[in-house]
Each structure stands twice: as structure tokens, then as C-alpha cells.
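sequence and predicted structure, then a few things I'm wondering about:
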Amino acid sequence: MARMKFLCDAERCIECNACVTACKNEHEIPWGMNRRRLITLNDGVPGERSISMACMHCNDPPCAGVCPVDCFYQTADGVVLHNKDLCIGCGYCFYACPFGAPQYPQTTNFGSRGKMDKCTFCAGGPEVDNTPEEYQKYGSNRLAEGKLPLCAEMCSTRALMGGDGDVLADIYQERSLRRGYGSGAYGWTTAYGNADKGRAFGPGASGSKGS
Amino acid sequence: MTRHHRHFLIHLLVLAVLVLAAPAVRAQLYQNPVNPPTTKEQVPLYQPQEKLVGTVSIPDEKLSVLVQPEGREWREFRSYWLRVVAGTLALGMLALLTLFYLFRGTIPISKGRSGRWVPRFGGFDRFAHWTTAVSFLILAITGLIITFGRPLLIPLIGHEAFTSTAYASTFLHNFFAIPFTLGLILIFVAWVRDNLPEKADLVWLRTLGGVLNKAGEHPEAGRFNAGQKLIFWAVVFGGFALAVSGVLLMLPFSVTGIGGMQILHVLHGLIASLMIAVIIAHIYIGTIGMEGAFDAMGRGVVDENWAKEHHSRWYEEQVLAMRANDGRPMHHRAAE
């Protein structure tokens, strides 16, 4: 089975923010929250690059490792999802996440920051696929419809790709070979690199197996 | 300087600028890179990346951090080291006290109870103590639930019941921070004068308060002995550190970025672990560890013989004060 990954080709991203807008619209993300965002490195100086970043659906997800209520699980495709009915809004997953993916509806921790929200790889949540309950909590479930994440699907320069990690790697390497340069896939070392110890849980597994 | 010389210098300058700017220029014109890959395998996918911070065009500026590998170290602390430290300190202290109890038992009042009572802690003292004490117990228990619940409670009560427990714990933990901090302030105001270090503390510390003296002889002490002073200052410094770091954790990113939040959490966890161990020892010595000790905070009075043995100098002061007060008892400093 495919191992789903994101890859953002920084040589192609033109900082148009279409992925951000598509994501917000597709899942009706509230104001102040961003499942996906664009970060520009070296803004305005030579070597400027823009990278579209969201949850990378890591091999050994730090969010799942630190969650005090064990609300994360990983699908057979390697997509990291969470159960909002279990989430207590403690904010630990944001401290652990290398990519700043988890988002909260409230800014203070007094009481709770509300249920955490993050990129689902357009794969919904633990509710029954494509039900109103699932949409209300997790946004749309395109994967269940046989579609890939909308952000990557509508990227006009094909900078952001989402899908089978091996295919993405192949496309990226082929591309870089033809153009003669490439800056490495941002976040891949951290998300899928040597940190693959499978301590939080392996793809397809869920529940209190890790820390 | 001739014109020739000047031209030469300008050429030299231009050359120097070009050489110095070469990496930047290459970055800008890297369409002709130095070492282009010749096979697909040479194209890097996994390039080591340290912390990367850029700019974002959305209001949430903390999202300008692209990669923060420190999250992995924080995770290691949160899901491993914090549990090791907190667990070792708490269980280690319990084991130590159990051994001590088996070896020494309850330390008795060596002359037995006299039946006469000396006032020790007035209403204000006890209110300050118990406000802090009850708050600390609730904070400690709820903190331990959040820290150890996943490996210890989820297998017992299941995910849904634990989520309710943990949710309630976060509310209680946040709420009881307020009486805890107020209690700390009261404790500080009430007892700081009698907890300043003095010469007698050195003797007390050298003999460990006479704990190993089976004859029941104690070094002299004023209102508080050196051991109680240590507890006092541990509570004051530890408690305020917990209060300050706790408030900052409740208002995340109000004064610091993600790295600061991780450090605050580490400090909060480690100080709390130490405090729990210290307070376990404090509870032991105030209850089953020593005969007559609980009366001081429980009823506010202590047996005369207990006062003579443990706080001889304070007892004499009380006697003098009582005589000056026409024989009526007088709370130490309570009237001031």
C-alpha cells in the first residue's frame, strides 16, 4: 500500500498561496487557524525560497508520542489522524511538532485551547467516511473518494505534491536531474528520515503502543 | 595619486566585490550550478536541516518556524525523562521514608505528653498553610494524572474515561493555581521573619536535628528549626517558580516563542517533581513520623514537652511572653 507523503519543491513554489486558500475553503477552517501555510526563507535576498508547509504525516509522529490522552492514530496509508472526541486541547502536540502543524481555536490555555485541528491529508477522521459529523469535525474526506489532497491537486506549478512517497521522490529526482539542481525536499529528513524508529506507532497501528 | 593609480584601485575594488559576492551571485544565477547531478540518485531528498525560520504573511507569527528539530528533544523529555525523574523522586522518597520508619519508627516525645498545651499556630497561620497544602495536593495529583495517565490509567479505564479525567484535571490544575499562589504569599508574609538563617541552624544541620540520637536529645531551635527552614525556602522558591512558569504555560506564546515554551514546561515539570518529593517528606514528618507534630498545624497548639524538646528557645520565649502578658497565653507574633 502507498505511503502517503507531501513534497514541496522549493524551486517551483511561487508563493501564490493557492494551496492555503484551497485548504481553508475545502475544510472550512475558521479565521486564525491554518492547516497549511506558506513560509518564505531569505525573503527579499538572493536564495529566497517559499515552501508550503502543513502536517507532514511523519513516520514516528512526535505529536502522537507526547499526547497525554493518546488521541492520534495512523492509517494504513501512513496518514496521521486524531480523534477530536479524545483531545483535551493541552497544546503539547504543538510543542513537539517539528513543523508547527497543530492548530487551536483558542489562544489561551486557561481551561482549554479547544480541540486541536490539523491537516488530515484530506482523509477526515475516525467518524464514518463522508458523513456530516466527519465533515464538521475534520473537514472533507477526499481520500475516501479516491482523490488526493486538494492543496497539491490544484498547485499551478506542481511545486506541492501529495501522494505515494516513492512516486513523489521519483518525480522530484527526475525533475532535479533535468534542471540540474534541487535544494532537497524540505522537511523530509525530519519527517521520514532517520527518525523512523516507529516508537509512537507504525503505519496502520493505533492506540497505547508508544509513550 | 595619479589617474592610473586610481583606475587600478577601482579595478581592484570591483574584483574584490565580485569575489566576495560570488556565493550570493551563484545562488541567484544557480541555473548553471557548480556540480549538477548526473544521475537521479545524486539528487538529495534527505538533506539535514536545522532550525529554519522564515516569514509568513498570516498574522500568526509563530508559524514562521518551518522546522524546529528541538521538538524531538522536548518529546524525549515529556514522554521519557519527566516520567523517570518524577517517578524516581516520588517513589525513591517513599522508599526512603518507609525504610526510615522501619528503622526508627515514630519519633516519640521522650518525656511523654505533659497534658499542657502551648499555642503554636494561630488561625491565620493555619489558614495560610492549609490553603497552600490543599491546593498543592490537588495540583500535584492532577499534574501526575496528566503526566502518567497514558501509560498507567488508559490501560485501566480506557480512552474515553481517561479523556474526561484528564480534561477535569487540566481545569482543576489551572484553577487551583490561584489559591496556591495566594497561600504562598500568605505563608511568606507570615513566616519569613522566623525563617531567616541563624547560627543555631548549623548545629541543627550537623546533627540532622538529633534524628540519629536515640536518647531523644535535640539541638536547640527557635520557632523554626533548620529543617523547617529548608522546607520553607523550598516551598517559597519552588512554589513561586511553579506559579510563574505555570501562568506562562497557561498563556502560551504570550512572552516567548516555541523554544521558550518548551523550556518553561521542562522547568515546571522538574521543579514540580522535586517539590512532590520534598512535600512527601514534609507530610511524613508532620504525621506518622513524629509524635505531637501534627497538633501544631492541626489544632494550632503543641504539647509543652514537645515544644521543650524540639523548639527549646522558642518555648522559653513563649514562657517569657506569657509572664509579660499576665499569665495568659499569647500567639507568637500573632498579635503584631
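Yes, it's here.

tell me which element the spatially most central residue of chain A is part of?
In chain A, the C-alpha nearest the mean C-alpha coordinate belongs to residue A:55, at 2.2 Å (CA atoms, centre = their mean). Using DSSP states H and E, residue A:55 is not contained in any helix or strand.

same question for residue B:99.
helix B:82-104.

sheet-wise, list the partners of the following helix or strand past that helix with their directions.
Remark: after helix B:82-104, the chain's next helix or strand is strand B:117-119, criterion DSSP H and E. Strand B:117-119 pairs in its sheet with strand B:301-303 (antiparallel), by DSSP bridges.

what are the contacting residues of the very next helix or strand once past the partner strand?
Remark: after strand B:301-303, the chain's next helix or strand is helix B:304-310, criterion DSSP H and E. With contacts defined as CB atoms under 8 Å, 6 or more residues apart in numbering or on different chains, helix B:304-310 is touched by B:109-114, B:116-118, B:120, B:216, B:218, B:221, B:225, B:291-293, B:295, B:314-315, B:318. Glycine gets a C-beta too; all of them are placed from N, C-alpha and C.

ok, now with 7 Å
B:109-114, B:116, B:118, B:216, B:218, B:221, B:225, B:292, B:314-315 (CB atoms under 7 Å, 6 or more residues apart in numbering or on different chains).

equivalent analysis for stretch B:78-97, please.
By CB under 7 Å, 6+ apart, the list of residues contacting stretch B:78-97 reads A:65-66, A:92, A:211, B:147-148, B:269-270, B:273-274, B:276-277, B:280-281, B:284.

who wins for most neighbours among those residues?
residue A:66 (26 neighbours; other CB atoms under 10 Å in any protein chain shown).

quick one: the helices in chain A?
For chain A, applying DSSP state H gives helices covering A:18-27, A:62-66, A:92-96, A:132-138, A:150-153, A:165-179, A:188-192.

okay if I get those helices as JSON lines plus mean pLDDT and distance to chain B?
Listed next are the helices of chain A as JSON lines, based on pLDDT from 0 to 100; distance: least, CB to the nearest CB, whole Å:
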{"stretch": "helix A:18-27", "mean pLDDT": "96", "distance to chain B": "8"}
{"stretch": "helix A:62-66", "mean pLDDT": "94", "distance to chain B": "5"}
{"stretch": "helix A:92-96", "mean pLDDT": "95", "distance to chain B": "4"}
{"stretch": "helix A:132-138", "mean pLDDT": "95", "distance to chain B": "15"}
{"stretch": "helix A:150-153", "mean pLDDT": "97", "distance to chain B": "15"}
{"stretch": "helix A:165-179", "mean pLDDT": "92", "distance to chain B": "4"}
{"stretch": "helix A:188-192", "mean pLDDT": "89", "distance to chain B": "5"}
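
any low-confidence regions in chain B?
B:1-34, B:212-217, B:326-336 (pLDDT under 70).

now do the strands in it.
B:52-53, B:65-67, B:117-119, B:301-303 (DSSP state E).

now those strands as TSV including distance to residue A:136 and mean neighbour count?
Listed next are those as TSV, based on distance: least, CB to CB, whole Å; neighbours: other CB atoms under 10 Å in any protein chain shown:
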stretch	distance to residue A:136	mean neighbour count
strand B:52-53	34	16
strand B:65-67	30	23
strand B:117-119	63	19
strand B:301-303	62	22
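
of the contacts of helix B:304-310, select the buried ones using a PyMOL command.
Only the buried members of the contacts of helix B:304-310 enter the following PyMOL selection, criterion being 16 or more other CB atoms under 10 Å in any protein chain shown:
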select buried, chain B and resi 109+118+218+221+225+292+314+315
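
between the contacts of helix B:304-310, which is closest to chain A?
Nearest to chain A among the contacts of helix B:304-310 is residue B:225, at 39.7 Å by CB to the nearest CB.

which ones are touching the closest one?
B:204, B:209, B:310, B:311.

ok, these vs residue A:146, which is closest?
Distance to residue A:146 across the contacts of residue B:225 (CB to CB) is lowest for residue B:209, with 75.0 Å.

leaving aside the residues adjacent along the chain, what's closest to that closest one?
residue B:227 (5.3 Å; CB to CB, 6 or more residues apart in numbering or on different chains).

would you check that the one you found makes contact with residue B:210?
No: between residue B:227 and residue B:210 there is no contact under CB atoms under 7 Å: 10.5 Å.

pull the contacting residues for the residue positioned nearest the centre of chain B.
In chain B, the residue lying closest to the centroid (CA atoms, centre = their mean) is residue B:271, at 2.4 Å. For residue B:271, the contacting residues are B:238, B:241, B:242, by CB under 7 Å, 6+ apart.

likewise for residue B:294?
B:286, B:287.

now it: how far from residue B:129?
Residue B:294 sits 12 Å away from residue B:129, going by CB to CB, to the nearest Å.

residue B:268 now?
Taking CB to CB, one finds residue B:268 at 23 Å from residue B:129.

residue A:140 - nearest residue in space that isn't next to it in sequence?
Among residues not flanking residue A:140 along the chain, residue A:26 sits closest, at 5.6 Å (CB to CB, 6+ apart).

now do the contacts for that neighbour.
A:139, A:140, A:150.

also residue A:112?
Residue A:112 touches A:88, A:89, B:170, counting by CB under 7 Å, 6+ apart.

let me know the pLDDT of it.
Residue A:112 is assigned 71 on the pLDDT scale.

from residue A:30, how far off is it?
Taking CB to CB, one finds residue A:112 at 16 Å from residue A:30.

re earlier: out of the contacts of residue A:26, who's the most crowded?
residue A:139 (23 neighbours).

just to revisit the earlier point, and the contacts of residue B:225, which is closest to chain A?
Once CB to the nearest CB is applied, the member of the contacts of residue B:225 that ends up nearest chain A is residue B:209, at 39.9 Å.

ok, that closest one - how many residues close by?
Neighbour number of residue B:209 under other CB under 10 Å is 20.

what does residue B:88 give?
Counted with other CB under 10 Å, residue B:88 comes out at 12.

got it, and residue A:156?
Neighbours of residue A:156 (other CB under 10 Å): 11.

residues contacting it?
A:16, A:18.

so it versus residue A:48, what's the distance?
19 Å.

quick one: buried residues of stretch B:73-83?
In stretch B:73-83, counting by 16+ other CB under 10 Å, buried: B:74, B:75, B:76, B:77, B:78, B:79, B:82, B:83.

that older thread, need the strands of chain B in CSV (columns: distance to residue B:97).
Shown next, in CSV, are these (distance: least, CB to CB, whole Å):
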stretch, distance to residue B:97
strand B:52-53, 48
strand B:65-67, 45
strand B:117-119, 28
strand B:301-303, 22
